[in-house]
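Student: sequence and predicted structure, then a few things I'm wondering about:
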Amino acid sequence: MGTAADANLGTTTVREGYAFDEAALAGWMTANVDGFAGPLHVEQFKGGQSNPTYKLVTPTRSYVLRRKPPGQTLKGAHAVDREARVLTGLERANFPVAHVYGLCTDDTVIGTWFYVMDMVEGRIFWDATVPGVSNSERAAIFDAMNATMAQLHSVDYAAVGLGDYGRPGNYFERQIGRWSKQYFEDVDAGRDETMDRLIAWLQANIPADDDATSITHGDFRIDNMIFHPTEPRVLAVLDWELSTLGHPGADFAYNAMMYHMPPHIVAGLGGCDIAALGIPSEADYLAAYCARTGRDVMPGYDFYMAFNFFRIAAIFHGIKGRYLRGTAASAQAEDRARVLPELIGIAWQQAVKAGA
């Protein structure tokens, strides 16, 4: 059985249905990308991103192209213009992201909107246990991830042109409302008594700091970062599809879910002997983030963690509904449906820690 790295690493020839006019792209790059010189060779990354991603190879350097998928798409989905915008803003703040050379909103060039950015070379760790490095380097890698997240949440988003990148405030109220509505409306997937109890508890216990706002990544995991080839240093954070103005505590807790997530559900550290690996404890990881962001403590942390597990449970519940209706790819969807009760149980355990 292949690993996540096998499935996602590297490139392949452009898949059927995803090809485009490469000469038209080369013409656009000649006009819009400083220093571009062909000939141009196009490959497609294997990773299953919802926005198709391509490697553009020239004799002197490589680039990355992200595009909306061909065909009809949902309104607001696959917003490559938002991705390009947040990357450009964050680069102004000296945050580690790939440099964006240009955004094209002319469908006649390659058929859909796209943007071209720098190809950042380095290491991606698909396994949260970071195999193949020493304990001291593993500890430094986790510390670099922590520092990068603290840096993101400290960016003055208005100053870098992202003041209207999302709706500030009432984050938990809006998110709990959105995901619980989806859960209650999917009658095919059924109801779960613990999930019902969890939703009621979350709605009644939204922390007082619901208006705290920063740029949030939305999917801040170790495998969404490119690390320096030899140093424990983050060169670029990837995959900004879910980024918005949101709650920094929720974004941090999403990253820290790895401490509770069993590897058979989603890649995580649940059940691992993290001390033997040199990985910081959850308490130490939280304390380091708090120190970097000027907090003494994070009183809502257990709520944020319960919320994040609830959100994933709601997503898996939706997958279960689609699987039962025959509209979801079967192998992974069946797995998601099977582990749903376990995931809801973990979410409730976090609520209990928070006083439920």
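Tutor: Alright, I've got the coordinates. Residues are numbered from 1 along each chain as shown.
Student: quick check on the residue nearest to A128 when sequence neighbours are not counted: phi, psi?
Tutor: Once its chain neighbours are removed from consideration, A128 has its nearest residue in M258; the separation is 5.0 Å (Cβ to Cβ, 6 or more residues apart in numbering). Quick note: C-beta positions are derived from backbone N, CA and C, even for glycine. Backbone torsions of M258, given as degrees, to the nearest 10, read phi -50, psi -30.
Student: ok, V57 next?
Tutor: Here the main-chain torsion angles of V57 (degrees, to the nearest 10) amount to phi -110, psi 130.
Student: do Y115 as well
Tutor: phi -140, psi 160.
Student: do the same with V116
Tutor: Backbone torsions for V116, taken as degrees, to the nearest 10, come to phi -120, psi 130.
Student: mind listing the residues bridging to it?
Tutor: L65, G102 (DSSP bridges).
Student: what sits against it?
Tutor: The neighbours of V116, taking Cβ atoms under 8 Å, 6 or more residues apart in numbering as the test, are 29, 32-33, 56, 63-65, 100-102.
Student: so where's this protein uncertain?
Tutor: Along the chain, segments meeting pLDDT under 70 span 1-9, 47-50, 72-78, 329-330.
Student: if I look at the residue minimising distance to the centre of it, how far off is G89?
Tutor: Here the mean C-alpha position of the chain is nearest to the C-alpha of D219 (Cα atoms, centre = their mean), at a distance of 2.2 Å. If you measure D219 against G89 using Cβ to Cβ, to the nearest Å, the figure is 18 Å.
Student: do A347 as well
Tutor: For A347, the distance to G89 equals 33 Å [Cβ to Cβ].
Student: can you give me the strands for the stretch 201-350 of the chain?
Tutor: Assigned strands in the stretch 201-350 of the chain, in chain order: 214-216, 225-227, 234-237, 244-246 (criterion: DSSP state E, counting those that start in this stretch).
Student: of those, which is nearest L269?
Tutor: Taking Cβ to Cβ as the criterion, L269 comes closest to strand 225-227 out of these, the separation being 16.2 Å.
Student: residues in contact with the closest one?
Tutor: With contact meaning Cβ under 8 Å, 6+ apart, strand 225-227 is reached by 120-125, 141, 144-145, 148, 233-238.
Student: for stretch 315-324, same thing?
Tutor: Where contact means Cβ under 8 Å, 6+ apart, the residues beyond stretch 315-324 that reach it are 179, 182-183, 186, 188-189, 192, 195, 328, 330, 333-334, 336-337, 339-340, 343.
Student: show the buried residues in the residues you listed.
Tutor: When neighbours are counted using 16 or more other Cβ atoms under 10 Å, the contacts of stretch 315-324 contain these buried positions: 179, 183, 186, 189, 192, 195, 328, 333, 336-337, 339-340, 343.
Student: which one among the residues you listed gets closest to D21?
Tutor: Set against D21, the nearest of the buried ones among the contacts of stretch 315-324 by Cβ to Cβ is A328 (33.0 Å).
Student: next, the contact list for that closest one, please.
Tutor: If you count contacts by Cβ under 8 Å, 6+ apart, A328 has them with 319, 322.
Student: three-state assignment of the residue nearest to R325 when sequence neighbours are not counted?
Tutor: The shortest distance from R325 to any residue other than its chain neighbours is 5.7 Å, reached at D188 (Cβ to Cβ, 6+ apart). In the three-state summary, D188 is assigned as helix, counting by DSSP: H, G, I helix; E, B strand; the rest coil.
Student: need the contact list for D188.
Tutor: In this structure, D188 makes contact with 321, 324-325, judged by Cβ under 8 Å, 6+ apart.
Student: how about the helices in the stretch 101-250 of the chain?
Tutor: Secondary structure of the stretch 101-250 of the chain, counting by DSSP state H, counting those that start in this stretch: helices at 107-110, 135-153, 171-185, 193-204, 248-256.
Student: pick the most buried one from those.
Tutor: Among these, judged by mean count of other Cβ atoms under 10 Å, the one packed with the most neighbours on average is helix 248-256 (a mean of 24).
Student: between helix 171-185 and that helix, find me the angle.
Tutor: Going by axes from the mean of the first three to the mean of the last three Cα atoms, to 10 degrees, helix 248-256 is angled at 60 degrees with respect to helix 171-185.
Student: which helices and strands does helix 248-256 pack with?
Tutor: Judged by 3 or more Cβ pairs under 8 Å, 6 or more residues apart in numbering; DSSP states H and E, the packing partners of helix 248-256 are helix 135-153, helix 171-185, strand 214-216, helix 282-292, helix 301-325.
Student: now do it: everything it contacts.
Tutor: Contacts with helix 248-256, where a contact means Cβ under 8 Å, 6+ apart, come from 145, 149, 152-153, 171-172, 175, 207, 209, 212-214, 216-221, 282, 285-286, 289, 293, 298, 300-301, 304-305, 307-308.
Student: let's see it at 7 Å
Tutor: The list of residues contacting helix 248-256 from outside it, by Cβ atoms under 7 Å, 6 or more residues apart in numbering, reads 149, 153, 171, 212, 214, 216-217, 220-221, 282, 285-286, 289, 298, 300-301, 304-305, 307-308.
Student: again, but for stretch 51-58
Tutor: Residues from elsewhere that reach stretch 51-58, judged by Cβ under 7 Å, 6+ apart: 11, 18, 37-38, 40-45, 47, 62-69, 78, 80, 119, 241.
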